[in-house]
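no sequence on hand, only this structure:
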């Protein structure tokens, strides 16, 4: 069996009718948008958790610096907070990119 490569997928995809290509792309965009929206919701929830727990936002915390008496938990959560903040940004960007494709209209 031949290994699957991007070229082999593109070759097979190019043999589909225009209508089928549009359908595959439309359904794929819809599924991926749903997935990224779920990821965004999760990441935003995590960021909100840290904001509520520490009564500040990450930019404010970074401007002030971690308190001198910050314990190990706060240091670990600070790292996680960064991760989830980056995850929010990545999800937003992916959603914007996919919405640009969806704006051309989804085939039904």
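Here it is on my side, so go on. Everything numeric in this text was worked out from a predicted model, so none of it was measured. Numbering: from 1, shown residues only.

pull the distance from stretch 22-33 to the chain's centre.
16 Å (Cα atoms, centre = their mean, to the nearest Å).

what mean pLDDT does it get?
The average pLDDT for stretch 22-33 rounds to 92.

ok, stretch 38-51 next?
Stretch 38-51 shows a mean pLDDT of 98.

would you mark the buried spots in that stretch?
For stretch 38-51, burial by neighbour count (16 or more other Cβ atoms under 10 Å) applies to 39, 40, 43, 44, 46, 47, 50. (Each C-beta comes from the backbone N, C-alpha and C, glycine too.)

just give the closest residue to the most centrally placed residue in the chain, not the sequence neighbours.
With distances taken as Cα atoms, centre = their mean, residue 91 lies nearest the centre of the chain, 2.3 Å away. Spatially, and ignoring its direct neighbours in sequence, residue 91 is nearest to residue 40 (3.8 Å; Cβ to Cβ, 6 or more residues apart in numbering).

measure the one you found to residue 85 for me?
Taking Cβ to Cβ, to the nearest Å as the measure, residue 40 falls 12 Å from residue 85.

same thing with residue 74?
Counting by Cβ to Cβ - residue 74 and residue 85 are separated by 16 Å.

for residue 89, which three-state class applies?
Secondary structure, DSSP: H, G, I helix; E, B strand; the rest coil: residue 89 is helix.
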